[in-house]
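A.B. asks: Based on what follows, work out the 3D shape:
(chains A, B, C and D)
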Amino acid sequence: MSVVARRYGPQAVILLMMLFLLVTYFFVMPEEVMGFEANVIKWGSIAAGFAMMVGAIDILRYHIAFLVRRTPGQWLYSLVLIVALLLTAATGTIGVVTGVGTTYEPFAWLYNNIYVPADATIYSILVFYIASASFRAFRVRNAPALLLLIVGLIVMLGNTSLGYVIWPGFTPLSVWLNKNIVAAAFRPIIIGAGLGIIITGLRTILGRELYRRE
Amino acid sequence: MSIKKFISKRSVDSNTIGGLALVFAAGRGVAFFLLLILFVLGYYYMKSAERGKRYPIRRIRAFEAVEEAVGRAVEMGRPIHFTFGFGNLYSSVAPQYVAGLAVLSYVARLAGKYGARLIATFGVPEAIPIVEELVREGYRSAGRPELYKPEDNVRYLTNMQFAYASAVQATLIRERPGANIMVGPFYAESLIFAEAGSWTGALQIAGTARETQIPFFVLVCDYVFIGEEIFAAAALASGDPAIIATIRSQDVGKLIALALIILGLILLPLGLNLGNFLFI
Amino acid sequence: MVLPYWDVFGVWIAAAITVWLYSFAFKDNVLYKFSEHLFLGVAAGYSFTLGLDAISRTGIAPIVTEGELGYIVPIIFGLLFFGKYLGRYAWIARYGSMFVLGVGLSLAVRTAPEAFILKQVAASILPLYVPGDPVMTITHILMVLIIIGGLLYFVFTFVPGGGERRPTASYRVYEVLTRIGIYGMMVGFGALFARTVMTRVAFFIGRLTFLMSPEALGATIVATILAAIAIVYSYTQERRRSTAGSAQSSGAAQTS
Amino acid sequence: MSVAEKIYNILSIRQLLYVLLIIMVLIPLLHPFGIPISISSRVREVYKYIENLPDNPKVLIEIYYEPAAATELEPAVGAILRHLVAKNPKIVFVSLIATGPIMFERLKSYVPDVFEKLKYGEDYVYLGFLTGGETACASLARGIKEYVVRDNYGRPTADMPIFKYANKAEDFDLVIIASSGTDVFEWYVRQWFTPYHVPLLFVALSVIAPSIEPFVAAGQAIGMIVGQRGAAEYELLIGKPGSALAAMDAQSFAHGLVIAFIILGNVFYWIIRLQRKEIPGR
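C.D. replies: Numbers count the residues shown, from 1 in each chain, chains lettered A, B, ... in the order given. Modelled structure (predicted):
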C-alpha cells in the first residue's frame, strides 16, 4: 500500500486535475461546472497558503538552530530575523483575524518602513550591477556579440535625451527596432517555450517527471 | 470514469439530443487539436524509446558544462550552488519550476558521485517537500547518503522576490561556490545572481524560458540555456531515454509551426489570412 | 494612533536599510547582513500573513458564510504540507505539492497552444510585399527570416547530419538560417538589455530622492558613514583571514 | 604591464564604477540641466486626445501600482491630472490592488494644486481597494454606485452628486489605467472597451510597454504614456516641468555612463588582446 500511496497517489492527483481543467477549458460546459472550475483554480492558492506558513516556520526553525548553537558570526543575525519574523507574523495575524487586514497599524509600520524600502532598494541595486556588467561582461568576442552591442547602444540612445542631442534619428530607429525586429526575434523563443511547457505537462501526467524510480 | 460519461450526464441545454454535448469553446478548437497531436506524439515517441528506438539530440553545450562545473568545484574544494527561482507552483510558470527541479535532481546525483557539498536555495514554499526528497535521493542513489544534511543542502529563503534575491546574492558571496547553476523562471533578480556569482569566480550556467531575462544570462554567464533549452536540459537530466524521446514531439511541434507560417505566407497574397483560421 | 516619533523612527530605519543594502554592491559587510536578516524576517512574516489571509479569506470564509463545502478539499491538501514534520510519514507532504502543481501545470498547458504557439504563428504571417513601402517590405522579409531561422535553431532532433559540419546542401541552408535566427536573437537581447536600464535607473532615482528628502537626510548621512566603516572593517577581516589562511594551509592540507 | 593594462585593472575595480555612477546621477538631480528631449508622436497623440475632450469630461482613473513603481508612474498621472483639471472634470478614482490606497494618498501630496480645485463627492471620489480583480472591474462598468456602497473613507456613495453624471460605463469619456503589471490592462479591455467601447489610456512602466503594445496597435486603447520619459514629455507639453523632467537628465547621465563603460570595456579588452595575442583574465 505505501508504494502506491507514496508513488502513484500524487501522480493521480495531478492527472485528475489536469484532465478536469483541460476539459473545462476546451469544451463548452454547463454553468455550474464552470463555477466549479473557477473554484478549483482558487483551491491552488488556498493550499499554497498552508505551504507559505510551513515555509515561514521552516525559516524560523533554521535560524533558531543557529541561535541555540550560538554559531559564531551568525546567531546574532538570526536573532534579528527571528524577532522581525515573529513581530510581523503576529501583527499580520491580528490584522487578518480582526478583519482589518494589512491596514493594522503596527503591521503597516513594519511593511511601509522595512519591507517596502528594502524591496525597492534591492530592485534598484540592479543599476550598479548593470554598470559593472556593462564594463566587464559586455565583451565583443564574435559577430553576434557585436550586433548585440550596437543595438543596445542604439536603444539606450533612443530612450534618453542624450541620443536626441547627438542625432535625432536614434529614437525612431530604436522604436522601429523594438516594434519589428525585436518582436520577431522573440517569437521563436516563445513558440519553443510553449512546446516545452506542453511536453513538460505531458511528462508530469505520465509520472515521468520529479520521480526517481531507483 | 471516461470523460464522455461525465459530460453527457451534465448535458447543457435542450438541443443536445441525449448523448454527448462536446461543443468546442469559442476559438479553442484548433488549439485543442494541436495539444492533442503533441500529447499523442509525445506518448508515441516515449513508447518507441522504451522499445529501444533512440533519437539523437544536437549538442547542448550548456548541459555538457554542468558535469564539468561540478567536477571543477570539487577540485577547488568549493560547494555547488543551485537555485530555481521564487513564487508559487499554482502560477502559470509551473513548468519552468519542474524543469529547474529536474536539473536540480541531476546536479544532486552529480554532487553525490563527486562527493560535493550542494546548496539548493529557492523561494517556492510548495516545493519544499520535493526539493528535500530530490536532494536526499540524489546523494543516496550515488551511494553517499551520509553527505545529505537538510539544513545545509536545502534552503527555502522566502517567496518574496527581493528578500529571496538579497539572501541568494549573500549566499553566493559568503559560501563562494565553485559552480553556480540557475535554471527556472527568473524575473528582475536574474542579473543580481549572475553578477554576484561572477565576483567570486564561480563557473555559471543559467537558463530560463522567461524571454525578458535571457539577455542578462547571455551577457554575464559562461553557459546559457535559451528558452526551450531548459526543457530539453530537464529531459536530458533525467537520463531516461523514454523522457529524452519526448523532445522529438517538441520538434514536430516546431515543424508544424513552421509549416503553418510558410503556408500562411503563401496564402496571404491570395487574399486569405491563415491567422484568422487558427482561432476557430 | 501611531505617535509621530514612530513615523520619524520609521523614516530613519527606511533610510538606514536603503544605504546598508546598497553597500553590498561595494562589499558584503555586517550592516548589510543585519539589514538582510531584518528584511528576510519581515518578508517571511509577511508571507506567513499572506498565507493565513489566503486560507481564511478565500478558503474558510466561503465554507462558513456560503456553505461551499468543496473548499474543504484544498484545506485538507494544504494541511498535508505540515506532514513534513511527521518523520516517517513526511512523504504525505508531496500530495500538497502535487495538488498545487496540478493547478499551475493545467493553467500553463491549456493556454500554451493558443497564447505561446498559435498567436505567435498568426503574428508571424506578414505580407512579404507591401506596395509603395519598400522599408516595410524589407522589414517583413527580415522578420520572417529571423522567425524561421530562430525556429530551426531550437530544433533538437531533426538536425541534418546530426549537427556535424557536412557540406550537404540541406546542411548549408540549415546553417545560414540558424545563423540569421541567432543574429535576430542577439538584436532582441541587446534591445531588451538597453530597455531595462531606464526602469532600473528610475527606481534608483526614486530611492535617491527619498534619501535626500529633508526628514531622511540626517539618517542617510549617519548610515553612510557607518556603512563605510563596516566596509573597511570587512576588508581588514578578510586580509587577516587570508594571511592566517595561507600560513595554515602551507602547513596542513586544506580540508574541503 | 602596459599602460592599457594598468588602466584596465583600475577600471575593473567595480567599486570605482559605482561611485562614478552615484555621482553622475546625483549631479543632475541636485542641479537639473534641462537637456532638450524630443516629444514622441505617441505622447503628442494622447495630449491632443485629452485637449479635445468635451468640457467637464467624465474620467475613471485606475491606480494599480505599488510604492516601488510610483517613481515612474506617479509623474505621468500627475501631469495628466494637471492637464485635465483645467477642463473641470468629474473623476472617479479606483484601485483593484491592495497598495492602491497608499499610492492615492501619495498622489494627492504629489499634485496638491489639482486636488485643491476639486470638491470631494462633487468633482472627484476615491472608491479605494476593491477585491475580485476582473470580476470587480466588470461590476464597476454596470454601475459604480450600486456595486460600491461605501468609498475608501467609509462614506456612503448613494447620495454623492458625482454619480448623477458618472455612474455606468456609458457615462465615461475616458478611462486611464496606471499600472506596473500587465493583467489589469486586459481586464479593462475585456470589461470596459469590448462591451461599451469606452476609450482607454494606458500609463505603464517602460519594461512592460512591449507586452501591451498590441492593444494600442489594435485600437483597443487610444494611446500609451510609457515610463519616466513619457511623463517628462507630457510635462513639457503642458508647460509644467516636474520631477520626471528633472529625472530625465539623471537618466541621460546614467545611460551615458553605461554606454561609456561598454565602449571602454571593449576598447581596452581589444587593445590588451592585440598587444598580448591572448585574452586577459575575465
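A.B. asks: what's the domain layout of chain D?
C.D. replies: According to automatic domain parsing, chain D comprises the domains D:3-31+D:248-274, D:41-245.
A.B. asks: now for those domains, which one comes closest to residue A:19?
C.D. replies: Nearest to residue A:19, of all the domains of chain D, is domain D:41-245, at 25.6 Å by C-beta to C-beta. In this view, the C-beta of every residue, glycine as well, is placed from N, C-alpha and C.
A.B. asks: how close does the spatially most central residue of chain A sit to residue B:163?
C.D. replies: The C-alpha lying nearest the average C-alpha coordinate of chain A belongs to residue A:123 (C-alpha atoms, centre = their mean; 13.5 Å). Per C-beta to C-beta, to the nearest Å, residue A:123 is found 11 Å from residue B:163.
A.B. asks: ok, the residue nearest to the centre of chain A - contacts?
C.D. replies: The neighbours of residue A:123, taking C-beta atoms under 8 Å, 6 or more residues apart in numbering or on different chains as the test, are B:162, B:188, C:200, C:203, D:68.
A.B. asks: What about the third one, how many residues nearby?
C.D. replies: Yep, that's residue C:200 we're talking about. Neighbours of residue C:200 under the rule other C-beta atoms under 10 Å in any protein chain shown: 21.
A.B. asks: my read is it is in a helix, agree?
C.D. replies: Yes - membership of residue C:200 in a helix is supported by DSSP: H, G, I helix; E, B strand; the rest coil.
A.B. asks: correct me, but it touches residue A:133?
C.D. replies: No - counting by C-beta atoms under 8 Å, residue C:200 does not reach residue A:133; the two are 11.6 Å apart.
A.B. asks: what about residue A:128, which helix or strand?
C.D. replies: helix A:126-136 (DSSP states H and E).
A.B. asks: Please compute how far that helix lies from its chain's middle.
C.D. replies: Centroid separation between helix A:126-136 and its chain, computed with C-alpha atoms, centre = their mean, to the nearest Å, is 23 Å.
A.B. asks: Now for the closest residue to chain C within the stretch 1-150 of chain B: which residues touch it?
C.D. replies: The nearest approach of the stretch 1-150 of chain B to chain C comes at residue B:94, 2.9 Å away (C-beta to the nearest C-beta). Residues counted as contacts of residue B:94 (C-beta under 8 Å, 6+ apart) are C:101, C:104-105, C:107-108.
A.B. asks: JSON lines for these, including pLDDT, neighbour count and distance to residue A:62?
C.D. replies: Below are the contacts of residue B:94 laid out as JSON lines (pLDDT from 0 to 100; neighbours: other C-beta atoms under 10 Å in any protein chain shown; distance: C-beta to C-beta, whole Å):
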{"residue": "C:101", "pLDDT": "92", "neighbour count": "32", "distance to residue A:62": "24"}
{"residue": "C:104", "pLDDT": "91", "neighbour count": "27", "distance to residue A:62": "26"}
{"residue": "C:105", "pLDDT": "92", "neighbour count": "29", "distance to residue A:62": "29"}
{"residue": "C:107", "pLDDT": "90", "neighbour count": "19", "distance to residue A:62": "31"}
{"residue": "C:108", "pLDDT": "92", "neighbour count": "23", "distance to residue A:62": "31"}
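A.B. asks: Now flag whichever of those is closest to residue B:35.
C.D. replies: The closest of the contacts of residue B:94 to residue B:35 turns out to be residue C:108 (C-beta to C-beta; 11.7 Å).
A.B. asks: Can you tell me the closest non-neighbouring residue to the closest one?
C.D. replies: The spatial neighbour of residue C:108 that comes closest, neighbours along the chain excluded (C-beta to C-beta, 6 or more residues apart in numbering or on different chains), is residue B:92 at 4.4 Å.
A.B. asks: Please apply the same query to residue D:45.
C.D. replies: residue D:223 (5.0 Å).
A.B. asks: Surely that neighbour and residue D:216 touch.
C.D. replies: Yes - using C-beta under 8 Å, residue D:223 is in contact with residue D:216, at 6.4 Å.
A.B. asks: where do the contact lists of the two overlap?
C.D. replies: residue D:202.
A.B. asks: So for those two, which residue has more residues nearby?
C.D. replies: residue D:223 (22 against 19).
A.B. asks: For the more buried one, give the beta-bridge partners.
C.D. replies: Beta-bridge pairing for residue D:223 (DSSP bridges): residue D:201.
A.B. asks: pLDDT wise, what is it at?
C.D. replies: Listed pLDDT for residue D:223 reads 91.
A.B. asks: which residues touch it?
C.D. replies: By C-beta under 8 Å, 6+ apart, residue D:223 lies in contact with D:42-43, D:45-46, D:49, D:201-202, D:216.
A.B. asks: Could you identify which of those residues has the most neighbours?
C.D. replies: Compared across the contacts of residue D:223, residue D:202 has the highest neighbour count, 28 neighbours, by other C-beta under 10 Å.
A.B. asks: So that residue sits against residue D:213, correct?
C.D. replies: No - between residue D:202 and residue D:213 there is no contact under C-beta under 8 Å: 9.8 Å.
A.B. asks: which residues are common contacts for those two?
C.D. replies: Residues within reach of residue D:202 and of residue D:213 at once, by C-beta under 8 Å, 6+ apart, are residue D:224.
A.B. asks: For chain D, give me its nearest residue in chain C.
C.D. replies: For chain C, C-beta to the nearest C-beta, closest residue to chain D: residue C:206, 3.1 Å.
A.B. asks: where does that residue land in three-state SS?
C.D. replies: Residue C:206 is classified as helix under three-state DSSP.
A.B. asks: got the domains of chain D as TSV, with distance to residue C:229 columns?
C.D. replies: Shown next, in TSV, are the domains of chain D (distance: least, C-beta to C-beta, whole Å):
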stretch	distance to residue C:229
domain D:3-31+D:248-274	15
domain D:41-245	29
